[in-house]
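> Pasted the sequence and its predicted model underneath.
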Number of protein chains: 2
Amino acid sequence: MLLARKVFVPSRPWQEALEEFLGALRSSGYLAGLPTEEIDVTQALGRVTAAPVYAAISSPHYPAAAMDGIAVRAETTFGASEQEPLELALDREAVVVDTGDPLPEGFDAVIMVEEVAFQDKTTAIIKRPAVPGQNVRPVGEDITAGEMLVPAGHSLTPYDLGGLLAAGVTRVTVRPRPRVAILPTGTEIVPPNPNPAPGEILESNGTMLAALVSQWGGVPEVYPITPDDYQLLKDRLDRALEEKDLVLINAGSSAGRDDYTARLVEETGHLLTHGVATRPGKPVILGIIRDKPVIGVPGYPVSAALCAELFAKPVLYYRQGIKPPAREQVRAVLGRKIHSPLGREEFVRVRLEREGDRLVATPTSRGAGTIMALARADGIVVVPRLSEGFPAGQEVTVNLLRPLSGR
Amino acid sequence: MLLARKVFVPSRPWQEALEEFLGALRSSGYLAGLPTEEIDVTQALGRVTAAPVYAAISSPHYPAAAMDGIAVRAETTFGASEQEPLELALDREAVVVDTGDPLPEGFDAVIMVEEVAFQDKTTAIIKRPAVPGQNVRPVGEDITAGEMLVPAGHSLTPYDLGGLLAAGVTRVTVRPRPRVAILPTGTEIVPPNPNPAPGEILESNGTMLAALVSQWGGVPEVYPITPDDYQLLKDRLDRALEEKDLVLINAGSSAGRDDYTARLVEETGHLLTHGVATRPGKPVILGIIRDKPVIGVPGYPVSAALCAELFAKPVLYYRQGIKPPAREQVRAVLGRKIHSPLGREEFVRVRLEREGDRLVATPTSRGAGTIMALARADGIVVVPRLSEGFPAGQEVTVNLLRPLSGR
């Protein structure tokens, strides 16, 4: 048995693996003819529209006072001046209005309260004429009935929600949030606790992957830990495929003795990729079972985070009908040289510091297991597959892991 | 009564009003000695730590194989070469390990499986010596027991959660999310519907403010619409102050007939500010009742959004023990002149477009009621209080409302 061990030599560029994966998901219908659901606009923050949204009514939907004051017919007021103030009969020639009130029929201007003297309860005095339309919000000033408020494939912001409701739209058709199963696997994996035995590994990737999935618009569920048992894992994967839209199987993705994931995907569905030429993150598995994507994510936490970002993030965004957002980028000067092996695209975590008017990027720990180094990093520098790295002092592009402000 | 109308002339810089507001909230204890709660790390995404978090255990917490292969004592392997391969007795001189397995006592190196030939079930053959420590993750490579993982006042990321769990930390002390009451008020305000009568205004600000509050870490609740009735509003405010940490009263904040908010705050607590010198947004109300902040937000949606950002956002962040994040800024050239009245700080919404290697900022509608213009804007240009605006072609700073990528 030992002699038959499969040796694992990944050389496939991840971009090629991703393209094939997305292409297969498009062909299978998973990324075409996407599902929709109708929800209350009040619940739609961050949700992605499945169709353009049109205004049901104009806003304002009637000519409205834009100021507190008196509504008038402008022509009635022509001739008013400092020298010859004009008296207007209240309720007939002038009507007291608050901001937002409708203008009485035939009235076309509002004089703001600061420019009106009220002589008694029946008379208002003005010293300047009004111009037609003055301090009036015409129908449709903000929104015209029937206009497109937001296009399809738009992620709704707080302001959008306000605009939709102001336009009389109370329900909106959106993409369902993709449901994601996260399956921690491995006999050595135990729930986090402060007293593990040697060889026991605390289950931490599930929570990290779930948090990433939420940030990408999905609804994650971390399943119980599955020990290394082919049938158990098969049963759990079956259930996950029944319940969810995407399955992430964590660990069990290198070629160790207990790694059933690739075999399982191969036997129950279609295994597209096993291993890509990245560092960290190479032993990823991409497969499709019963028309649903299954991703085998490596066990090392930095590899797991990276694989999820490279492969699960685009699937989740495209499944919501939207392009995955690129990370913001900045240019920085390398504080230290980076040496990287030929043949793998390396993702080097860096910290950023401002020195005068330039940013300096310093590589942090490169171990695939050093999750806190990733947590503390400001960004990632990519060393291409056919490069051996960069000298110190070279200007490079940094993909930001967090906002740069203050740095 | 009409003659006694209070005329509303705000000239106070908003920065001064905010400083006084925050200062009073610090003095009253609302922004000092902040509350804490302990929660599961699995639930802590985006939550702000109330104290530094220290590692309970090291990670790895035992010397671990970094590769699938065989664990060896390095000294046993000295002398192995292509010419003179070395045989190692399995289970005695070499032990088969998977990534993550603990090294047997006294073993100090791992030879990766790709460099090992297994002659039979009892013998492994190697052609190169191992170096001590090779392919071994020493104890604490990522995290050392007792080290500080994250400081106090840190907003937890997916990677942080992974790091905390890997360090045996399962519970974390964080700031409670501030609970926010949003009170839509006004007899003219009605629930959104496609057939309002003239004069009826659809309630849309509540949802917009709630969405903003969620983005700033708060837990919003939109209360039922309160008509313009002093006692009703007083009762509802009472209940809101009982139930929540911050109260936003929407509309009723200009000096119209039905505006009870300022009077109510003055009579039941301490009214700090009524009106600031901004455009839009001037008729804001800042008060403290029973040691809790109450903000009267103008009724115009753009004013409401801006006031919430200027005054509610900082209160919510400081209440969570964290500085409010600044918006990302870019420099752009004005595509059109902006004229702005002296004496008010104006927030001009702009769209951004790339022209060659520069960004051009074009002002959009400046009406306080045009929420869709805000929804479609890319950023905001601030015209200072003592400036009358900028000429076309001037380089200005744009505060981004959404990421710039792709523009």
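Now that the structure is in, tell me what you want to look at.
> what about stretch A:327-347, average pLDDT?
Across stretch A:327-347, the average pLDDT comes to 92.
> whoops, stretch A:358-374 was the one
87.
> Would you mind listing the buried residues in that stretch?
Neighbour counts over stretch A:358-374 (16 or more other CB atoms under 10 Å in any protein chain shown) mark A:359-374 as buried. In this view, the C-beta of every residue, glycine as well, is placed from N, C-alpha and C.
> With adjacent residues omitted, what lies nearest to A:Val150?
In space, and not counting its chain neighbours, A:Val150 is closest to A:Val53: 5.1 Å by CB to CB, 6 or more residues apart in numbering or on different chains.
> Low-confidence ranges, chain A, go.
A:1-9, A:252-259, A:405-407 (pLDDT under 70).
> Show me how it divides into domains.
Domain assignment of chain A by automatic domain parsing yields the ranges A:2-34+A:176-319, A:37-59+A:141-174, A:64-137, A:329-400.
> Determine which of those domains approaches B:Gly379 most closely.
Smallest distance to B:Gly379 across these (CB to CB): 12.9 Å, for domain A:37-59+A:141-174.
> buried stuff in stretch A:232-239?
In stretch A:232-239, counting by 16+ other CB under 10 Å, buried: A:233-234, A:236-237.
> Inside strands: which ones of those?
Judged by DSSP state E, strands contain none of the buried residues of stretch A:232-239.
> of all these, which two lie farthest apart?
The distance between the two most remote of these (CB to CB) is 7.4 Å, for A:Lys234 and A:Arg236.
> Helices along the stretch 201-350 of chain A, start to end?
A:205-215, A:230-243, A:261-268, A:301-307, A:313-319 (DSSP state H, counting those that start in this stretch).
> who touches the nearest residue to A:Gly287 once chain neighbours are set aside in this structure?
Leaving aside its sequence neighbours, A:Gly287 sits nearest to A:Val265 (CB to CB, 6+ apart; 3.7 Å). Shown in contact with A:Val265 (CB atoms under 8 Å, 6 or more residues apart in numbering or on different chains): A:271, A:285, A:287, A:289, A:294, A:296.
> A:Met208 now?
Contacts for A:Met208 were tallied using CB under 8 Å, 6+ apart; they are A:301, A:304-305, A:371, B:158-159, B:161-162, B:165.
> With A:Ile295 instead?
A:246-249, A:284-287, A:307-308, A:311-312, A:315.
> Check the offset of the biggest strand by length in chain A from the chain's centre.
Counting residues, the longest strand found in chain A (DSSP E) is strand A:345-355. Centre-to-centre, strand A:345-355 and its host chain are 23 Å apart (CA atoms, centre = their mean, to the nearest Å).
> Walk me through which strands it pairs with, and which way each runs.
strand A:278-279 (parallel), strand A:358-363 (antiparallel), strand A:379-383 (antiparallel) (DSSP bridges).
> Quick one: closest of those strands to A:Val41.
strand A:379-383 (36.2 Å).
> Show residues contacting that closest one.
Outside strand A:379-383, the residues that touch it by CB under 8 Å, 6+ apart are A:327, A:330, A:332, A:334, A:338, A:340, A:345-350, A:352, A:361, A:363, A:389-390, A:396-401.
> Now that strand - C-alpha only, PDB.
In PDB, the C-alpha atoms belonging to strand A:379-383 read as follows (Å, rounded to 0.1, in the frame of the first residue of the first chain):
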ATOM      1  CA  GLY A 379      -1.700  43.300   1.900                       C
ATOM      2  CA  ILE A 380      -0.500  40.600  -0.500                       C
ATOM      3  CA  VAL A 381       2.200  40.900  -3.100                       C
ATOM      4  CA  VAL A 382       1.900  38.300  -6.000                       C
ATOM      5  CA  VAL A 383       5.100  36.800  -7.400                       C
END
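> check whether the helix or strand hosting A:Val172 contacts chain B.
Counting by DSSP states H and E, the element that carries A:Val172 is strand A:171-174. No - looking at strand A:171-174 against chain B by CB under 8 Å from any CB of the partner chain, there are no contacts, and the closest approach is 10.1 Å.
> follow-up on the earlier one: quick one: which of the contacts of A:Val265 has the most company?
Neighbour counts for the contacts of A:Val265 were taken using other CB atoms under 10 Å in any protein chain shown; the highest belongs to A:Gly296, with 29 neighbours.
> secondary structure element for A:Arg92?
Going by DSSP H and E, A:Arg92 is not part of any helix or strand.
> what about it, how many neighbours?
Count around A:Arg92 with other CB under 10 Å applied: 9.
> Briefly note if stretch A:120-129 comes near chain B.
Yes - interface with chain B: stretch A:120-129 contributes A:Lys121 (CB under 8 Å from any CB).
> Chain B versus A:Ala262, what's the distance?
14 Å (CB to the nearest CB, to the nearest Å).
> Just to check, that residue is in contact with A:Leu286?
No - A:Ala262 is not in contact with A:Leu286 according to CB atoms under 8 Å; the separation is 10.3 Å.
> Excluding chain neighbours, give the residue nearest to A:Leu232 in space.
A:Thr226 (5.5 Å).
> go on, A:Ile70?
Nearest non-adjacent residue to A:Ile70 (CB to CB, 6+ apart): A:Ala94, at 4.1 Å.
> Quick one, which of the strands paired with strand A:345-355 gets closest to B:Ala17.
For the strands paired with strand A:345-355, the distance to B:Ala17 is smallest for strand A:358-363, at 35.6 Å, taking CB to CB.
> helices or strands next to the next helix or strand after that closest one in the packing?
Downstream of strand A:358-363, the first helix or strand assigned by DSSP H and E is helix A:371-376. Judged by 3 or more CB pairs under 8 Å, 6 or more residues apart in numbering or on different chains; DSSP states H and E, the packing partners of helix A:371-376 are helix A:301-307, strand A:345-355, strand B:148-150, helix B:158-166.
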